[in-house]
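**Q** Structure of the sequence below:
(chains A and B)
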Amino acid sequence: MKRYFTDIYESVSSILGGMSITLVHLFKARNDNVTLQYPEEKWPRPERNIGFDHNSYNVIRSRLHVDMDDCIGCLKCERACPVDCIKIETEKAPARGEDLKEIKHKGVTSNGTRKALVVTRFDIDMSECCYCNLCTYPCPEECIFMTGGPNAKKHPIDYEFSEPDRSDLIYRFAKKGAKEGLAELNNSKQEAEA
Amino acid sequence: MGVVHGQEMVLNIGPQHPATHGVLRLQVKTDGEVISEITPYLGYLHRCFEKHCENVSYEQVIPFTDRCDYLASMTMNFGYVVAMEQLMDIKVNDRVEYIRVIMAELQRIASHLLATGVFGLDLGAFTPFLHMLRDRERIIDLFEMTCGARLLYNYMWVGGLSHDLPKGFVEATLKFLDYFEPKIDEFENLLGHNKIFVERTADIGIMPAEVAINYGVTGPNLRASGVNWDLRKDNPYSVYSKLDFNVPIGKGIKGTVGDSWDRFYVRLQEIRESVKIVRQAIDQLPKDGDVHQSMPKKIRPPKGSIYSRTESPRGDLGYYIESDGSDTPYRLKMRSPAFTALGVLNEIAGGWLMSDVLAILGSLDIVLGEIDR
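**A** Sure, this is the predicted structure:
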């Protein structure tokens, strides 16, 4: 008998307790709103509020971007990638640190390193990428980075990058026609020598 | 009148079932609505973690440890780097240790919030789940502030961290803790003392201490059975020995010691303790210290092997690493706490009703990514 009435009391009191919490939230809903009307509103990205030394840290995970003008083809990012989604091919440049206008190759990086190689292929398969950020740390020229965040000056944030076709997610960063252009250059050079 | 036995029926729960917390198939033998035997079938989420690790370098293993227990990635990283640092005999400075402890404890709060919230959701309580997920989101925002990622961090590295705490992190964390502490009481009232929830969980799925020990169950599940065993206290790693906290154990407040409600309540108490630990760690956090100080240029551990264990939110997380002196592990084995917790399911869920099985499974807080690896 006692059990019966305690059960009723506990049921009613716990339901009232829960409902009172809900009621408080009902009146606080405007202040405490967590729902976002997504495509119109976006959650503020935390990188705007934090005071990082933006030059030395890369604290954003979004799509990868490569500044090809700065890439020296050292393959460090390719080796660091745990899922092997970066593929790089390089060829020897005709002369170290010289611009090749025919294939839009820049000879000197913005850090002042003279390039010995021409990158003929730099493919990143973003559908395979695991966003671990391991490739961005070893880069000596800081040319591979995740877009946005500290790199917003170079490249604004872009984390909505859906594509209708899977092959569109393979980003090809190497300059178009670099391989053929370089072969042509070498041929013409050989002919000139002959 | 004796008990009427009907025909035994074999029933499959899952693999695509929201209450199985991932892709788990439970083959259940039922007699009417009473369960006589449960056989869990694994392998739907198997990603060859251990074999894969033999082919990547030591630092590349860390993103894969993230993906094992995807709800507590920080502590998975933590366990791995602690094992690697013991193997390579690296001593990291205090700032690194304290940041790691702060991260691990925040992760424990986040993981327990999801565990208790989803446990309620399994039993039909939708509101607490939303409340807990909302506050978990704030912790994840803190992590995003720190390392850019929200779920799979790759933050702790062998011999250090990927980067230091951002400016304003300490203030943001303290602000969060001030906001969050009263909410724990709210969760307890909203879910823990709710009559419907108590009726569904108290005295259900009782796991006696000896069963838990025999099956190798660890973590909150073991502590709910009344065994005072926490690696942070009993085998302290990192700076846990300098921090003051209690180990909550199950007392059987609503029913018997080791029932589903106790497992829920121990998690809720652990959230309180974690809040305490984070506050202390922030107080003691050294102002200076380079987080890259003791990071080796190339990770090439000496020949040998190590077994090291840490306390993840789900229990005793062990890493066995065998090194042959090269830059890839010769063998890497992970001892997963959720796997042993799933193993005990048949023992404690036999004889209960069909609806109780999902309550018991929810109370064990398994993560399939960690079980299958």
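**Q** going forward, measure contacts and count neighbours with C-alpha atoms only.
**A** Fine.
**Q** tell me which residues in the helix or strand where residue B:200 lies are buried?
**A** Using DSSP states H and E, residue B:200 falls within helix B:195-201. For helix B:195-201, a neighbour-count test (16 or more other Cα atoms under 10 Å in any protein chain shown) marks B:195, B:196, B:197, B:198, B:200, B:201 as buried.
**Q** Pull the number of nearby residues for residue 171.
**A** I went with chain A, as the question did not name one. If you count neighbours by other Cα atoms under 10 Å in any protein chain shown, residue A:171 ends up with 18.
**Q** nope, chain B please
**A** Neighbours of residue B:171 using other Cα under 10 Å come to 11.
**Q** from the chain's centre, how far out does stretch B:277-293 sit?
**A** Centroid displacement of stretch B:277-293 relative to its chain, using Cα atoms, centre = their mean, to the nearest Å, is 23 Å.
**Q** Kindly report the same for stretch A:83-102.
**A** 22 Å.
**Q** which residues in chain A form helices?
**A** Remark: helices assigned in chain A by DSSP state H are A:2-28, A:76-80, A:178-193.
**Q** quick one, which of these is packed in tightest?
**A** Of all the helices of chain A, helix A:76-80 carries the top mean neighbour count, a mean of 19, counting by mean count of other Cα atoms under 10 Å in any protein chain shown.
**Q** that older thread, near chain A too, which of the buried residues of helix B:195-201?
**A** When contact is defined as Cα under 8 Å from any Cα of the partner chain, those meet chain A at B:195, B:196.
**Q** In contact with the closest residue to chain A within the stretch 1-150 of chain B, which residues are there?
**A** As assessed by Cα to the nearest Cα, chain A sits closest to residue B:148 within the stretch 1-150 of chain B, at 4.1 Å. The contact partners of residue B:148, taken as Cα atoms under 8 Å, 6 or more residues apart in numbering or on different chains, are A:59, A:60, A:61.
**Q** Of the residues you listed, which are in range of chain B?
**A** Near chain B, by the rule Cα under 8 Å from any Cα, you find A:59, A:60, A:61 out of those.
**Q** Show me the strands in chain A, by range?
**A** Applying DSSP state E to chain A gives strands spanning A:64-66, A:86-92, A:117-125, A:144-146, A:170-172.
**Q** Flag the shaky bits of chain B, pLDDT-wise.
**A** Where chain B drops to pLDDT under 70, the residues are B:1-5.
**Q** Contact residues of it facing chain A?
**A** Contacts of chain B with chain A, taken as Cα under 8 Å from any Cα, map to B:56, B:60-61, B:63, B:134, B:141, B:144-149, B:152-154, B:163, B:166-168, B:186, B:189-191, B:193-196.
**Q** out of those, which are buried?
**A** Buried members of the residues of chain B next to chain A, scored by 16+ other Cα under 10 Å, are B:56, B:60-61, B:63, B:141, B:144-149, B:152-154, B:163, B:166, B:186, B:189-191, B:193-196.
**Q** Which of those fall in strands?
**A** Assigned to strands by DSSP E, none of these qualify.
**Q** Of the residues you listed, which belong to helices?
**A** Going by DSSP H, the helices hold B:60, B:61, B:63, B:141, B:144, B:145, B:146, B:147, B:186, B:195, B:196 from these.
**Q** and the two most separated of these?
**A** Longest distance between any two of those is 48.3 Å, between B:60 and B:195; criterion Cα to Cα.
**Q** Where does pLDDT dip in chain A?
**A** Filtered on pLDDT under 70, chain A yields the residue ranges A:29-33, A:42-58, A:148-159, A:194.
**Q** which residue packs closest to the closest residue to chain B within it, ignoring adjacent ones?
**A** Residue of chain A nearest chain B, by Cα to the nearest Cα: residue A:60 (4.1 Å). Leaving out its chain neighbours, the residue that sits closest to residue A:60 by Cα to Cα, 6 or more residues apart in numbering or on different chains is residue B:148, at 4.1 Å.
**Q** chain center to the helix ranked longest in chain B, what's the gap?
**A** Looking across chain B with DSSP H, the single longest helix is helix B:94-122. Remark: helix B:94-122 is offset 8 Å from the chain centroid, using Cα atoms, centre = their mean.
**Q** and what of stretch B:13-31?
**A** 21 Å.
**Q** how long is that stretch end to end?
**A** One end of stretch B:13-31 to the other measures 15 Å (Cα to Cα, to the nearest Å).
**Q** again, but for stretch B:223-231
**A** End-to-end span of stretch B:223-231 (Cα to Cα): 11 Å.
**Q** Give me the contacts around that stretch.
**A** For stretch B:223-231, contacts defined as Cα under 8 Å, 6+ apart pick out B:207-209, B:212, B:219, B:222, B:237, B:247-251, B:257-259, B:262-263, B:266, B:310-311, B:316.
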